[in-house]
Structure formats: C-alpha cells, structure tokens
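Asker: got a sequence here, can you build the structure:
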Amino acid sequence: MHSVLVYHTISAPVEPMLADADISPARFEQQLRWLARWRRVVPLEATLAPARRRLVALTFDDGYRDNLTVALPLLEKYRMPMTIFVTAGFVGREGYLSADELRELSQHRLVTVGAHGLWHRHFNELSYADARFELVESRRLLSDITGKNVDLLAWPYGECNRELEKLSAKTGYRASWSVWKGTDNRHSRWRVPLGRNDNLFRFVLKSSGVYALTKAKWHRYTESRSGNRATNSEESILAG
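Answerer: Below is the predicted model:
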C-alpha cells in the first residue's frame with residue numbers, strides 16, 4: 001500500500017493538543033530528511049494509481065497557519081509536495097490561515113488545496129441534507145478564495161460510510177480520504193495519522209506501508225466480526 005500521511009499543526013505547544021496531534025518543527029524536519037533519503041514523496045493524486053514502487057504523500061488537515069509559515073519552507077527545502085485540506089469555516093480564525101494566506105499558499109507549485117468540510121463536523125452524524133450542504137459549500141468557499149477548482153476531500157475525523165462516499169462523488173469531488181473508515185475506494189482512501197508521540201522508529205513504520213497494511217487487515221477483521229467500521233479512537237481524533 002502507498003502511505004498517505006496526515007499532519008495537523010507543525011508546532012511545539014507547552015500543552016499537547018488533543019490526541020497529541022502537534023509535531024514540532026525539529027521532528028517534522030527529521031521525518032522529511034528520512035523521507036528524502038529513503039522514500040519517493042509524490043503529489044497526493046499520484047497515490048490513486050497503482051505503482052510498482054511504494055509511494056508516500058503528505059497531507060495536512062484543518063488549515064493551520066503554520067502550514068504556510070513553518071511546514072512549507074521545510075517542504076521547499078526538501079522539494080516535497082503537500083496537500084492541505086482546509087476547513088472552510090475556520091479560514092480567518094486565530095491560528096488558522098487567513099483568506100489572503102490561503103490564496104498565497106494555493107499558488108505555490110508544491111501545494112494542492114482540498115476541502116475538509118465547512119465546520120469540521122462528524123459527517124456520520126449529519127442528515128443527508130446537512131452533509132450535502134457541507135460538501136457543496138466548503139468547495140464553493142475554497143474555490144472562491146483560491147480561484148481554483150477544489151475537488152479533493154478529507155473527511156473530518158476520518159469518518160465516512162458508503163452513502164457519504166456516493167455523496168462525495170455526486171457533489172463533484174474526484175477523490176476523498178478517510179482514516180480506516182469507509183470501503184477504501186476512491187472516496188474513502190485510507191490515510192496514516194501522525195502525532196507528537198511518533199518518534200523516528202514509529203514514523204519509519206508508518207511511512208513504509210507496513211503499518212498501513214497491518215491496520216487495513218485489522219480494520220477488515222474487526223469489521224467482519226462486529227459489522228461496524230471500527231478505528232482506534234485516538235487516530236479518529238488525529239484524523240481531524
């Protein structure tokens with residue numbers, strides 16, 4: 001399996017974020033340095049197609065401002081592309097990208113902008129009408145800001161189901177990503193979440209594809225036993 005890695009904020013707050021979702025700039029650069037030596041990092045869309053060589057893609061969820069000020073300079077240094085999934089309703093909030101910053105980021109040759117819902121809600125808990133509204137409006141707002149067609153999606157909290165996968169396609173998304181939920185088809189591709197507790201050893205496992213394959217097998221096993229699409233609760237939060 002290809003490894004699609006999920007980051008959030010590249011920062012080192014005194015108090016850890018919920019689910020330890022923050023990663024310090026020093027640790028992030030250590031991870032990029034390892035990837036530069038041992039893996040092929042590609043744009044996210046490249047992982048949609050089969051390839052003989054295992055690929056790695058880097059994604060960032062929510063739209064934190066440090067994705068522009070901290071992460072991007074390091075990605076430029078190592079010449080690695082990123083996809084940032086922006087929660088449209090968070091644009092302009094403290095700690096998040098402003099509209100001008102998002103517009104600037106969207107013009108960068110290494111950056112692709114995708115949607116992450118309108119208000120970062122649990123889609124599995126929404127009515128069909130509300131879910132459709134979130135999908136349509138988040139695309140519209142982000143496209144208006146960036147001047148580009150936004151047609152990639154990451155499900156908030158990594159959550160989706162078969163009906164949401166169909167709705168994603170109906171509302172114009174070319175592909176969507178979750179975290180161990182859904183059917184792992186084009187509208188629920190699985191990703192690997194990262195956090196401050198992922199030292200280099202854990203990072204190597206997560207970026208190698210072995211971790212993803214193991215989690216995928218465990219997911220299918222638990223789904224067959226319980227009839228539910230289960231996921232680790234910490235990773236569900238990290239997927240946000």
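Asker: measure stretch 57-68 end to end?
Answerer: 17 Å (CA to CA, to the nearest Å).
Asker: now that stretch: mean pLDDT?
Answerer: The average pLDDT within stretch 57-68 is 98.
Asker: which residues of the protein score low on pLDDT?
Answerer: 210-240 (pLDDT under 70).
Asker: which residues touch the longest strand anywhere in it?
Answerer: As assigned by DSSP state E, the longest strand anywhere in the chain is strand 55-62. With contact meaning CB atoms under 8 Å, 6 or more residues apart in numbering, strand 55-62 is reached by 2-9, 35, 39-44, 46-47, 67, 71, 75, 80-87, 90, 96, 114, 116, 120, 154, 177, 191, 207, 239-240. C-beta: built from backbone N, CA, C; applies to glycine.
Asker: so which of these are in helices?
Answerer: L35, L75, S207 (DSSP state H).
Asker: remind me, longest helix of this protein?
Answerer: Across the chain, the longest stretch assigned as helix under DSSP H is helix 128-146.
Asker: for that helix, the distance to its chain's centre please.
Answerer: 17 Å (CA atoms, centre = their mean, to the nearest Å).
Asker: packing partners of that helix?
Answerer: Packing partners of helix 128-146 (3 or more CB pairs under 8 Å, 6 or more residues apart in numbering; DSSP states H and E): helix 99-106, strand 111-115, helix 162-170.
Asker: now the ones you listed in a markdown table, with mean neighbour count and distance to D62?
Answerer: Listed next are the helices and strands packed on helix 128-146 as a markdown table, based on neighbours: other CB atoms under 10 Å; distance: least, CB to CB, whole Å:
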| stretch | mean neighbour count | distance to D62 |
| --- | --- | --- |
| helix 99-106 | 17 | 12 |
| strand 111-115 | 24 | 11 |
| helix 162-170 | 17 | 19 |
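Asker: buried ones in stretch 188-204?
Answerer: For stretch 188-204, burial by neighbour count (16 or more other CB atoms under 10 Å) applies to S188, R189, W190, R191, V192, P193, L194, G195, R196, D198, F203, V204.
Asker: touching stretch 68-85 from outside, list them.
Answerer: 7, 10-11, 25, 28-29, 32-33, 35-36, 41-44, 57-63, 67, 97, 101, 104-105, 108, 110-116, 152-154, 177.
Asker: rewinding a little: inside strands: which ones of the contacts of strand 55-62?
Answerer: The members of the contacts of strand 55-62 that map onto strands under DSSP E are 3-7, 40-41, 82-86, 114, 154, 177.
Asker: can you tell me how far the closest residue to K166 other than its chain neighbours is from T171?
Answerer: Leaving out its chain neighbours, the residue that sits closest to K166 by CB to CB, 6 or more residues apart in numbering is H187, at 7.5 Å. According to CB to CB, to the nearest Å, H187 stands 10 Å off from T171.
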